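Participant: Generate a structure from the sequence data that follows.
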Amino acid sequence: MARTHEAAVTPEVGDPVATPVDEPARPWRIRRPSDAIRFLVSAAVLGLVLLLPSIAKQTTSGLESDITHGTQQTPHFLLNLATLVSSFGVLAVPVVFAVVRLIRRDGIRIAVGLLAAVVALGATVGLDEWVTAPGGPTDSLSWGGVGADPLHTDITPVIAYVTAVRLAGRTRWQVITWTVIGVAALAALTAGYASVLALAATYVLGRAIGYGTLYAFGTPNPRPSGTAVMAVLSRLGLVPVSARRLPDGPAETRRYEVELADPEPAQNGPALSPPPRHRLDVMVLDRDQQSAGLLYRVWRYARLRGGTNRRALRSLRRSLEQESLMAHAAAAAGVRTPRLLAASEVGSEAALLAYDHVPGRRLGGLEDQELTDELLTRIWRQLRLLQGHRLAHRRLEGDGILLGDDGLPYIVNLGAGEIAASDLVLRLDLAQLLTTVALRVGPQRTVRTAAPVLGADTLVASVPLLQQVALNRSTRSALQQDKELLTRVREQILRLRPEIEVEPVRLERFRLRTVVSVIAGAAGAYFLLSQLSNVDLPRLVLHSQWQWTAVGLLASAVTYVAAAFMLIGFVPERLPVGRTVLVQLSASFVKLVAPAAVTGVAVNSRYLQRAGVRPGPAVASVGASQLSGMITHILLLVVFGFVTGSAHSATDLAPSRTVVIVLLTVGVLTAAAAAVPRVRRLVMSRLRPMFSGVVPRLLDVLQSPRKIMTGLGGTLLLTAAFVVCLDSSIRAFGGSLPWTAIIIVFLTGNALGSAAPTPGGLGAVEGALSLGLTLSGLPAETATSAVLLFRLLTFWLPVLPGWAAFAYLQRKKAI
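Facilitator: Residues are numbered from 1 along each chain as shown. Take a look at the predicted model:
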């Protein structure tokens, strides 16, 4: 981009002469992050308003009747007068404003507003057609009176226009415009041709289109120029003679390197050679950039527990005050940091902070050989000063530390810092710097240089916080290149105090996996409720055969014994049968909060470690058990799929065309995926660790035929017990299917449930089993009832005894 000197503005009387600034030409229009955020929020609220009549029809209908009854008491003269005034004013006021702005040569603003109005009109007509279309998704919405359009065609374009022309700062126009819009909405409501929800959708749609248009085309750049910033510096007594723009700092902060005028020589005294000119680093905070990254910060604020995050949104004034206070507090604590000389607002849209210029390079730009042990020790001393005075930096990354030309480290970029920080925040600061340094010099040198300065106990206290979620975004990205780095840092620190047991710290309120589980569970519940709406449950319950329910309950109990034998068979060490059965029962309680595929692995691995098996062999044993179960599952699915798809004649066992097509499709897709190098490397990276530990463990087990028989027998017994339970559930409601069909349905549903991210496969198992039984010839009512009984026996009823087993095993320190 071409760099130009800005033209000097004519200074006011008493102002210093404007200073030329070497910086890129200022953009004429900019996209404000706040406009994008407001557009997204408005779009989300619009979706909620459109769905509200479907999920709260009784409430919206009652609200409409109450408003209709209240407006009937209003005199008709006032209603007619309000309608007349609003109908004229809602169009006249925007036109008058447009004429005024055109006279003042502000036509671009009006053009953007007109474009927003046109888009709003088209969107309104389109939504009206969609909402009122016969048989459409929202055909049941009761928006307005008979024959009325759901959205107000007259008001929506005006709201979009008013939003896009930006009336902020023009109080008189704001009051007049919104008063006219409000009267028009009230008149439409009282006249009965618009409802409250219709008006709410009209307002939100107009706002969304207005903000979307603003973000698409940008707004006039309100940021003060570099010349204006230099003028404010001059008024503060720091007279610049030249300035140049530097690359932006954190959070898109503008940075300038400023050269000040020579100090005036003394009137009396010998002539001295002029000293070098003083330089400043000037940081400019722009108001529109305060909302940059807001959605990410809100997500982090909601996801992480209190005390671990900064405020999601700060005003310009608060940002200025916080960085100034942090700079003064760090200097008072003896921390080596550039001295803050001045802080001031620059008009109403920006603020500046002027620091002494310290020549040097950032930590992230240093060569590896420059990161000596002496330099690292000095960095840890600066951190010790910060922590000793309870100051948290919150951005101790490559750009947060400056190596001066004098060879000393300086702490910079204090904008996110906190004073009087809590212990948790101080430990997070330490964890961040440990990771930053370890990414450059490795865990061993990091811990070796930090321990003498900070102490072993301080480092050990940071171990629970060495988690990716606790680190800054750029650091998390860098860790993708070395995912085991944090583990190695923890190991190096724990060698300092091997006798200390470090308790993990839960920083997240919830994980992304939890959000997916909740959404998937809600979808599953919705599917089940929709199925139950077509089932006459009372009649089915009254006519059910409860002796089959008892058989299903017994089969469900056998599954826990089978799972215990399955684990015992793949562990060379001796395990007590009774306690192992209790462990499998306790897993039924843990399944409430974790996916099915994760629960068994976690609980069994913990149990084996408590039983004296080393962590590596324990995980390998559980992996061998899971691997054998998966192989058996696939073989059974293929065999019974072959049998089910074959002709029923004993002399004709050729597989059906469907089975052949499915097998060929799976083979082709597998070969195509294996042909892609990236997919092949991903699969191998996942399988290699598993086989590297599992295969040696299997070889140990193969030396004992008794163990092999126990493991494989438990695997087959587990599948057989579940199939018996499902068959008993079907027979309890008078249904009947061939065994081969029941086995295929169960194996398919169990596979989908293991892959589902919901706790215990909730939703996925019910949907797959219900669909499979229905396709196999069972009536929909019977299939749904049988699946619900099956899940009651195998998932819900074991929860209470599973909790008791879990509590007992925890008291005995068995898990």
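
Participant: Distance of F722 relative to T715?
Facilitator: 12 Å (CB to CB, to the nearest Å). Where you see a C-beta, it was placed from the backbone N, CA and C, and this is true even at glycine.

Participant: centroid residue for the chain?
Facilitator: The chain has W299 as the residue nearest its centroid, 5.5 Å off, counting by CA atoms, centre = their mean.

Participant: Helix or strand: which one has that residue?
Facilitator: Using DSSP states H and E, W299 maps to helix 294-303.

Participant: I'd like the distance from that helix to the chain centre, please.
Facilitator: Centroid separation for helix 294-303 versus its chain: 8 Å, with CA atoms, centre = their mean, to the nearest Å.

Participant: Let me know the average pLDDT across the helix or strand just after it.
Facilitator: The C-terminal neighbour of helix 294-303 among helices and strands, as given by DSSP H and E, is helix 316-332. Mean per-residue pLDDT for helix 316-332: 93.

Participant: hey, C-alpha coordinates of stretch 781-792 in CSV?
Facilitator: Taking C-alpha atoms only, stretch 781-792 is exported to CSV below (Å, rounded to 0.1, in the frame of the first residue of the first chain):
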residue,chain,number,x,y,z
GLU,A,781,-46.7,-48.8,18.1
THR,A,782,-45.3,-52.2,19.2
ALA,A,783,-41.8,-51.3,18.0
THR,A,784,-41.8,-48.0,19.9
SER,A,785,-43.1,-49.6,23.1
ALA,A,786,-40.6,-52.4,22.9
VAL,A,787,-37.7,-50.1,22.4
LEU,A,788,-38.8,-47.9,25.4
LEU,A,789,-39.1,-51.0,27.6
PHE,A,790,-35.7,-52.2,26.4
ARG,A,791,-34.0,-48.9,27.2
LEU,A,792,-35.8,-48.8,30.5
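
Participant: what's the average pLDDT for it?
Facilitator: So the average pLDDT for stretch 781-792 ends up being 85.

Participant: which of the residues in that stretch are buried?
Facilitator: Neighbour-count burial for stretch 781-792, counted by 16 or more other CB atoms under 10 Å, picks out 781-792.

Participant: Make sure L352 is actually in contact with V346.
Facilitator: Yes - if you go by CB atoms under 8 Å, L352 and V346 touch, sitting 5.5 Å apart.

Participant: any residues in contact with both of the two?
Facilitator: Shared contacts of L352 and V346 (CB atoms under 8 Å, 6 or more residues apart in numbering): 229, 232, 284.

Participant: Quick check: which element contains the last one?
Facilitator: Under the criterion of DSSP H and E, V284 resides in strand 279-286.

Participant: Give me the angle between that strand and helix 316-332.
Facilitator: Interaxial angle of strand 279-286 relative to helix 316-332 (axes from the mean of the first three to the mean of the last three CA atoms, to 10 degrees): 150 degrees.

Participant: who's in contact with strand 279-286?
Facilitator: 223-224, 229, 233, 238, 240, 243, 246, 249, 252-260, 316, 319-320, 323, 338, 341, 346, 349-358, 415.

Participant: how about the strands in this structure?
Facilitator: Remark: strands assigned in the chain by DSSP state E are 3-5, 21-24, 29-30, 219-220, 240-246, 254-260, 279-286, 340-346, 350-356, 360-362, 401-404, 409-411.

Participant: What strands flank the longest one, and is each parallel or antiparallel?
Facilitator: As defined by DSSP bridges, the strand partners of strand 279-286 come to strand 254-260 (antiparallel), strand 350-356 (antiparallel).

Participant: Can I get those strands in CSV including mean neighbour count?
Facilitator: Formatted as CSV, the strands paired with strand 279-286 follow (neighbours: other CB atoms under 10 Å):
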stretch, mean neighbour count
strand 254-260, 19
strand 350-356, 22
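
Participant: Quick check: the residue nearest to S736 when sequence neighbours are not counted vs T782, distance?
Facilitator: Distances taken as CB to CB, 6 or more residues apart in numbering put I730 closest to S736, at 6.8 Å, once the chain neighbours are dropped. Separation of I730 from T782 (CB to CB): 7 Å.

Participant: Mind listing the shared neighbours of these two?
Facilitator: Residues within reach of I730 and of T782 at once, by CB under 8 Å, 6+ apart, are L773.

Participant: residues contacting the closest residue to T213 other than its chain neighbours?
Facilitator: With sequence-adjacent residues excluded and distances taken as CB to CB, 6+ apart, T213 is closest to A116, at 4.0 Å. Residues near A116 by CB under 8 Å, 6+ apart: 157, 160-161, 163-164, 209-210, 213-214.

Participant: got it, and G360?
Facilitator: 402-405, 410.

Participant: Could I have the ChimeraX command that selects the buried members from the residues you listed?
Facilitator: Filtering these down to the buried ones (16+ other CB under 10 Å) takes a single ChimeraX command:
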select :402,403,410
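
Participant: Out of the contacts of G360, which is nearest to G89?
Facilitator: Closest to G89 out of these is L402 (59.6 Å), distances taken as CB to CB.

Participant: For stretch 808-815, give me every contacting residue.
Facilitator: 579, 582-583, 586, 603, 606-607, 610-611, 806.

Participant: Going by distance to D22, which of those wins?
Facilitator: Proximity of those to D22 (CB to CB) peaks at R606, which lies at 63.4 Å.

Participant: Let me know the pLDDT of that closest one.
Facilitator: Predicted confidence (pLDDT) for R606: 83.

Participant: For it, give its distance to A587.
Facilitator: To A587, R606 is 10 Å away according to CB to CB.

Participant: so what's T458 closest to, chain neighbours aside?
Facilitator: Distance criterion CB to CB, 6+ apart; nearest residue to T458, sequence neighbours excluded, is L430 at 7.1 Å.

Participant: What separation is there between the one you found and T487?
Facilitator: From L430 to T487 the distance is 17 Å (CB to CB).

Participant: more neighbours, those two?
Facilitator: Neighbours were counted for L430 and for T487 using other CB atoms under 10 Å; L430 has more, 24 against 11.

Participant: Pretty sure that one sits against L383.
Facilitator: Yes - counting by CB under 8 Å, L430 does reach L383; the two are 6.9 Å apart.

Participant: so what's in contact with the two at the same time?
Facilitator: What both L430 and L383 touch, as defined by CB under 8 Å, 6+ apart, is the set L454.

Participant: Let me know how buried G113 is, in neighbour terms.
Facilitator: Residues near G113, counting by other CB under 10 Å: 26.

Participant: and the top helix by length along the chain, how far from the chain's centre?
Facilitator: Of all the segments of type helix in the chain, defined by DSSP state H, the longest one is helix 615-645. Offset of helix 615-645 from its chain centre (CA atoms, centre = their mean): 34 Å.
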